[in-house]
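Visitor: pasting a predicted model and its sequence here:
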Amino acid sequence: MGRRYAVREVFASVQGEGAQAGTPAVFLRFAGCNLGYAVCPWCDTDWRDATLRGDADAVLAAVAAAAHRRWGALRPGLLLVVTGGEPTLQWDAALADAARGQGLRIAMETNGSRPVDHSLVDWLTVSPKTVNYVQREGDELKIVFTGADGPGIAPDVEAVRRLAAGTRFRHYFLQPLDVPGRGPNLEATLAALGELGPPWRLSVQLHKLLGLP
């Protein structure tokens, strides 16, 4: 019997953040995180309890079902966004092979606290939540700008520069911190972007603006 995976949810939507914003996708959200809500008290996802436990075939069946419900079919080239929680705790060669066997493109969103095997993904987004993150290269670095009023590792421009120092990414994004009940700190993030300059760009949570999951 193959490995069984703990999945929180599988759903289809458009990618809402970063360089691939607006791209049709299926999201595979794993249960479990190695950092937890103590490190990210503003985390807007519930990753604690699994709603599906199964092998690679069961997980890909759920992905296919979500694709059919939203996009009409699981078409070659559809983006599979592997997220969590922390996806590196479970994503492996068996799942990568099964996903590619269905023609899916694999995008991983990780907190960067664990090294990523690049052969298992086609697109890698690192959004660090601790200053000593280890995965320092990939396709995009997305830093949540917490500002002076929010908890986190990016309260100001100098902190952002320190977090990005020595990294190698194709794209660099600064994303407003969205605090429940208060909303995103857009003005502070725009001011920081103006000071940072290129290659930094704004990432907004497009799916929230559109009312999508």
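Guide: Received the coordinates, thanks. Numbers count the residues shown, from 1 in each chain.

Visitor: every contact and neighbour count from this point should use C-alpha atoms.
Guide: Noted.

Visitor: which stretches of this structure have low pLDDT?
Guide: Low-confidence regions of the chain, defined by pLDDT under 70, span residues 1, 42-44.

Visitor: those strands in it, which residues are they?
Guide: 5-14, 24-30, 52-54, 79-83, 105-110, 123-126, 137-145, 168-176, 178-179, 183-184, 200-202 (DSSP state E).

Visitor: who does the fifth one pair up with?
Guide: So that's strand 105-110. Neighbouring strands of strand 105-110 in its sheet, by DSSP bridges, are strand 79-83 (parallel), strand 123-126 (parallel).

Visitor: beta partners of the spatially most central residue of the chain?
Guide: The structure's the chain has its C-alpha centroid closest to Glu109; by Cα atoms, centre = their mean the separation is 3.0 Å. Taking DSSP bridges, one obtains Thr125 as the residues bridged to Glu109.

Visitor: pretty sure it contacts Leu124?
Guide: Yes. At 6.3 Å, Glu109 and Leu124 qualify as touching, with contact defined as Cα atoms under 8 Å.

Visitor: what residues are shared contacts of those two?
Guide: Here Glu109 and Leu124 have no joint contacts, going by Cα atoms under 8 Å, 6 or more residues apart in numbering.

Visitor: which one's the longest helix in this structure?
Guide: Across the chain, the helix with the greatest residue count (assigned by DSSP state H) is helix 56-71.

Visitor: can you mark which positions in that one are buried?
Guide: Burial within helix 56-71, assessed by neighbour count using 16 or more other Cα atoms under 10 Å, is assigned to 56, 59-60, 62-67, 71.

Visitor: let's have those residues in CSV, adding distance to Ala93.
Guide: Compiled in CSV, the buried residues of helix 56-71 are given as follows (distance: Cα to Cα, whole Å):
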residue, distance to Ala93
Ala56, 10
Val59, 14
Leu60, 13
Ala62, 18
Val63, 17
Ala64, 19
Ala65, 22
Ala66, 22
Ala67, 22
Trp71, 26
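
Visitor: so which of those residues comes closest to Arg161?
Guide: Val63 (37.4 Å; Cα to Cα).
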